[in-house]
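Trainee: Structure for this input, please:
(2 chains)
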Amino acid sequence: EPEVTQTPSHQVTQMGQEVILRCVPISNHLYFYWYRQILGQKVEFLVSFYNNEISEKSEIFDDQFSVERPDGSNFTLKIRSTKLEDSAMYFCASSETTGNNSPLHFGNGTRLTVT
Amino acid sequence: AQSVAQPEDQVNVAEGNPLTVKCTYSVSGNPYLFWYVQYPNRGLQFLLKYITGDNLVKGSYGFEAEFNKSQTSFHLKKPSALVSDSALYFCAVRDSGAGSYQLTFGKGTKLSVIP
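Mentor: Numbers count the residues shown, from 1 in each chain, chains lettered A, B, ... in the order given. I've put the predicted structure just below:
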């Protein structure tokens, strides 16, 4: 079964550094998402992306965050200047459509630790 | 605003016994409801969904869930638990009337099936 793949599985960075989290969505999917899960807390929506532009974003997704689909397969999340509170598990997801019959398929996540 | 509550942080059940993981929701329009499961060091895996129609929906691995509009609930059930069902379970909702496609997740319920 096709999977969403994320790299790296674990990223450690110093406060103020830039990080790029990478995702390869399922190949025939058109909609892409980033969610995050701070340890012990809820899974939170960050952003959705379609047709090379952001379709929706949450209040968490401020100017420090950006997303990009640099080629036909990768979907990246960049955090420009990391803060301690950015430490979380970041999940990429994709779906065939945004229709309600199309569930999200999630990757295994990247654990980001900001020191 | 849409929200989800999973009132139990942990559910323990003996192998072979029926299990229930509770979920209640709040939306302004009609709810689209989902259950996801997360195994250690893995992403969120789709189990089942309710969009419309029959209130009892069946999903992967023998799980089912019952939509109850009057109680605004969508409890996950399985007639006979397996040790391999031990994992973290997340309920999620999308509000059909919100003009948004983002999923709102509950905080998760840890299910432990005791041999």
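Trainee: contacts, neighbours, all on C-alpha from now
Mentor: Fine.
Trainee: tell me which parts of chain B are close to chain A?
Mentor: Neighbours of chain A within chain B, by Cα under 8 Å from any Cα of the partner chain: B:32, B:41-46, B:51, B:100-108.
Trainee: And those residues, which of them are buried?
Mentor: B:32, B:43-46, B:51, B:101-108 (16 or more other Cα atoms under 10 Å in any protein chain shown).
Trainee: Identify the farthest-apart pair in these.
Mentor: B:Gly43 and B:Ile51 (22.9 Å; Cα to Cα).
Trainee: Might you enumerate the residues of chain A proximal to chain B?
Mentor: A:41-45, A:48, A:56, A:91, A:98, A:100-101, A:103-109.
Trainee: now the residue in chain B positioned nearest to chain A: how far from A:Asn108?
Mentor: Of all residues in chain B, B:Gly43 sits closest to chain A, at 3.7 Å by Cα to the nearest Cα. For B:Gly43, the distance to A:Asn108 equals 4 Å [Cα to Cα, to the nearest Å].
Trainee: ditto for A:Ser95
Mentor: A:Ser95 is 15 Å from A:Asn108, by Cα to Cα.
Trainee: The two: who's more crowded?
Mentor: The residue with more neighbours, out of A:Ser95 and A:Asn108, is A:Asn108; 24 against 20, by other Cα atoms under 10 Å in any protein chain shown.
Trainee: hmm, back to that, can I get the buried part of the residues of chain A next to chain B as one PyMOL selection?
Mentor: Those of the residues of chain A next to chain B that count as buried under 16+ other Cα under 10 Å are selected in PyMOL with:
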select buried, chain A and resi 43+44+45+48+56+91+98+103+104+105+106+107+108+109
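Trainee: A:Met15 and A:Thr82 touch, don't they?
Mentor: Yes. A:Met15 is within contact range of A:Thr82, at 5.2 Å (criterion: Cα atoms under 8 Å).
Trainee: Strands along chain B, start to end?
Mentor: With DSSP state E, the ranges of strands along chain B come out as B:3-5, B:10-14, B:19-21, B:24-26, B:31-38, B:44-50, B:56-58, B:64-68, B:73-78, B:87-95, B:104-105, B:109-114.
Trainee: which one of those strands has the most crowded surroundings?
Mentor: The highest mean neighbour count among these, using mean count of other Cα atoms under 10 Å in any protein chain shown, belongs to strand B:87-95: a mean of 25.
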